[in-house]
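**Student:** Structure, please.
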Amino acid sequence: MSVGPLPIAPYRRLWLYGVVASVLFFLVAPIFIVIPISFSDSEFLEFPPRGFSLRWYAAYFSDPQWMAATRVSLIAASLTVLFATPLGTAAAYAIHRAQSRWVRSLHVLMLLPQMVPLILIGIGLFYVYIQLGLVNSMLGIVLAHTLLATPFVVVTVLAGLQSFDMTQEKVARSLGASWPVAFFTVTLPQIRLSVVSGAFFAFITSLDEVVIGLFVAGGDNTVLTRRMFLSLRDQIEPTIAAISSLLIVITLAALIAVALFARKAD
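**Tutor:** Got it, this is the predicted structure:
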């Protein structure tokens, strides 16, 4: 007679609840500081604000340099999604179907950009881009961001493939469908939520990246995060808080869109 696990009293989990609450507070607390600062009428960053104003949002939207950097970042993030999503999906599919352990070891190789410090990746890309003439170019930015975003797509899509029954694809192929047709008509529709989630992570990774931007983005192709870093170094004013608040809103909006897509898919 087998005995199942004994139930754990709720009070014995209090320490776990405390750890989870502490981590959540650590992650969320800066939002409740940055957003109020963005509405401050002070010339400098201060919390709590002495007065409230929309002057820093107006300063951001009326500044051509901020707008140009924002446009570059949004274009780069969108192109990164177009590159990283199919590349990461194809890699995840190949790793999942592979029978050879050598091919499966590519999984570790695909995750290397997440393991190597960004400063080292930035230095390496800078010297390579110097030789190729890609420094301060949109193509160079997109390729660098794709390098960083693809691992997120691979991990997300692999998770979706783990719960997918590959027998369905085999049945489609046994009925005469080619591999691409079977993938696009049978497999992809059932893992589409994982693919969309991977695309979301790719977009956020590109939009939020700053270290690589300091090395390979500049001139007419200065990304928003690089300009924020340089502005924070030169002068401390609440415009940075206003931009950060807008980035938070964009991230939350994208996350809500993915959640609504998931609900609709279910």
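
**Student:** buried set for the lengthiest helix in the chain?
**Tutor:** The helix that spans the most residues within the chain, counting by DSSP state H, is helix 64-97. Of all the residues in helix 64-97, those buried under the rule 16 or more other C-beta atoms under 10 Å are 66, 69-70, 72-77, 79-81, 83-85, 87-89, 91-93, 95-96. No exception for glycine: its C-beta is placed from N, CA and C like everyone else's.

**Student:** counting contacts, what elements does it pack onto?
**Tutor:** When contacts are defined as 3 or more C-beta pairs under 8 Å, 6 or more residues apart in numbering; DSSP states H and E, helix 64-97 packs onto helix 101-104, helix 106-110, helix 138-162, helix 192-208, helix 224-234.

**Student:** Let's have the ones you listed in JSON lines, adding distance to residue 186, mean neighbour count and mean pLDDT.
**Tutor:** Formatted as JSON lines, those follow (distance: least, C-beta to C-beta, whole Å; neighbours: other C-beta atoms under 10 Å; pLDDT from 0 to 100):
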{"stretch": "helix 101-104", "distance to residue 186": "22", "mean neighbour count": "10", "mean pLDDT": "67"}
{"stretch": "helix 106-110", "distance to residue 186": "23", "mean neighbour count": "15", "mean pLDDT": "74"}
{"stretch": "helix 138-162", "distance to residue 186": "12", "mean neighbour count": "22", "mean pLDDT": "88"}
{"stretch": "helix 192-208", "distance to residue 186": "12", "mean neighbour count": "21", "mean pLDDT": "87"}
{"stretch": "helix 224-234", "distance to residue 186": "40", "mean neighbour count": "17", "mean pLDDT": "79"}
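
**Student:** Residue 253 is nearest to which of these?
**Tutor:** Taking C-beta to C-beta, helix 192-208 is the member of the helices and strands packed on helix 64-97 nearest to residue 253, at 10.8 Å.

**Student:** still on that earlier bit, quick one: closest of the helices and strands packed on helix 64-97 to residue 40.
**Tutor:** Among the helices and strands packed on helix 64-97, the nearest to residue 40 by C-beta to C-beta is helix 224-234 (15.6 Å).

**Student:** which secondary structure elements does the helix or strand just after the closest one contact?
**Tutor:** Sequence-wise, the next helix or strand downstream of helix 224-234 (DSSP states H and E) is helix 239-265. Contacts defined by 3+ C-beta pairs under 8 Å, 6+ apart place helix 239-265 against helix 31-38, helix 55-62, helix 192-208, helix 224-234.
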